[in-house]
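**Q** Sequence first, predicted coordinates after that:
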Amino acid sequence: MCGTDHNPNSASPNKTPSANGNGTRRSSVSPDTVLNLEQGDPTVFEPYWKKMGDNCTMVISGGQWMSYVSDFTNICFFLEPEFEDAVRRLHRTVGNAVVDGRHIVVGTGSTQLYQAALYALTSPGGAEPISVVSAAPYYSSYPDETDYLRSGLYRWAGDAYAFDKKGYGDYIEVVNTPNNPDGTNRKAVVKNRPDDQVQGKLIHDLAYYWPQYTPITAPVDEDIMYFTFSKSTGHAGSRIGWAIVKDKEVAKKMAKFVELSSLGVSKDSQHRAAKIMGVICDGYQNCKAKNPELFYEHCQNLMTERWERLREVVERIDIFSLPKYPKEYCLFSGEFNEPHPAFAWLKCKEDTDLEKFIRGRIKVQGRTGRKFGTDQNYLRISMLSKDDAFDHFLERLSTIKAISNGY
């Protein structure tokens, strides 16, 4: 065995039944239960880490990491050196981002880092708030996160495709790639329009730019890029994210925002994240050949299987459609791979309120396309749920035969 003392792919007595009849365990989900597939809670990866046993276990004594301060000489004084080293090592291993000569800012998840980036790019402010845009369908939390504090520095201005930069002046465009909700690869929209009179700045949200979701086509090298531990490894409960920043002054402002809003980030979480990242990297360092026991290979296989099963059901009932993604060469795997996003962007072929229909017909809660700046006949469904919930989703979806008058 290579890279681990445990085989995450070994047979388990808790195997969940699938929509096509595979598996052995009796389901614990009642037919009357509403399946909540609205949130992107990455519990799909939980069995892998459970089977890793003590490989990721760490013991924290009562006297460890008690200070607010990690290193006062660092731009981000609460950034633990072990965490910084682990972040840089993980990105070098995967090859998805340039880290050499860049500044690392740690945050309590990517949500705080998004706010920190907005603050850094707009302070000390001007006569009017700076517009913040993203191309629709955009991540549904961007509007609320942008306007939550009612800041005088910035304001949400909606769809980047519809944004008139001549009318609104300077702006920030958030580029989410691969995009949540539809899984497509994105580039800046507004910035590519010729207009020398208006200054635009970019924030790159790369939460899903990991091999289990999409081919790694190049190491990204942008001014501000942020990632999250929750989507890279599945450990959402640790509440850890990090930004890779080119400009020193921008990194300082981002760190200042985190300092003022939460006086740093949990050292316990930073060390846990560093330990888990180290286990992932050690596996690849010790294994020179492709191995399904390693984390990203295991998760690629898992996401591929889920998407194949979903597409089979959708094609069979012929009421909905899913995006089609081209295969691209992945530098990490050395193969041509198709993306298998964290969310399914389901479209109803009829003009109906798909969120209401799916919840009413099969008791599945997704998130309506309206929250992503698009139409009600779109629905985002999480592909990251536990096996039981995903299997029941497919079983219930397969029972839909037709839509009549929106129901």
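**A** Received, thanks. Quick caveat: nothing in here was measured; it's all calculated off a predicted structure.
**Q** The stretch 201-350 of the chain: strands as residue ranges?
**A** Using DSSP state E, counting those that start in this stretch, the strands of the stretch 201-350 of the chain run over residues 224-228, 241-245, 320-321, 328-330, 335-337, 343-348.
**Q** quick one: contacts of the shortest one?
**A** Contacts to strand 320-321, defined as CB atoms under 8 Å, 6 or more residues apart in numbering, come from residues 314, 346, 347, 348, 349. In short, each C-beta sits where N, CA and C put it, glycine included.
**Q** Run a quick neighbour tally on residue 401.
**A** 9 (other CB atoms under 10 Å).
**Q** Revised request: answer the last question for residue 117.
**A** 30.
**Q** Kindly report the same for residue 334.
**A** Residue 334 has 9 neighbouring residues, counting by other CB under 10 Å.
**Q** now swap in residue 384 and tell me
**A** 25.
**Q** Check the gap between it and residue 42 for me.
**A** 4 Å (CB to CB, to the nearest Å).
**Q** overlap in contacts of the two?
**A** In contact with both residue 384 and residue 42: 234, 342, using CB under 8 Å, 6+ apart.
**Q** returning to that earlier point: dump the strands of the stretch 201-350 of the chain into JSON lines; add mean pLDDT, distance to residue 372 and mean neighbour count as well.
**A** JSON lines is the format used below for the strands of the stretch 201-350 of the chain (pLDDT from 0 to 100; distance: least, CB to CB, whole Å; neighbours: other CB atoms under 10 Å):
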{"stretch": "strand 224-228", "mean pLDDT": "98", "distance to residue 372": "19", "mean neighbour count": "26"}
{"stretch": "strand 241-245", "mean pLDDT": "98", "distance to residue 372": "21", "mean neighbour count": "28"}
{"stretch": "strand 320-321", "mean pLDDT": "96", "distance to residue 372": "16", "mean neighbour count": "18"}
{"stretch": "strand 328-330", "mean pLDDT": "98", "distance to residue 372": "24", "mean neighbour count": "15"}
{"stretch": "strand 335-337", "mean pLDDT": "96", "distance to residue 372": "25", "mean neighbour count": "14"}
{"stretch": "strand 343-348", "mean pLDDT": "98", "distance to residue 372": "9", "mean neighbour count": "22"}
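**Q** Same list, those strands, but as JSON lines with distance to residue 307 please.
**A** Compiled in JSON lines, the strands of the stretch 201-350 of the chain are given as follows (distance: least, CB to CB, whole Å):
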{"stretch": "strand 224-228", "distance to residue 307": "22"}
{"stretch": "strand 241-245", "distance to residue 307": "26"}
{"stretch": "strand 320-321", "distance to residue 307": "14"}
{"stretch": "strand 328-330", "distance to residue 307": "15"}
{"stretch": "strand 335-337", "distance to residue 307": "12"}
{"stretch": "strand 343-348", "distance to residue 307": "8"}
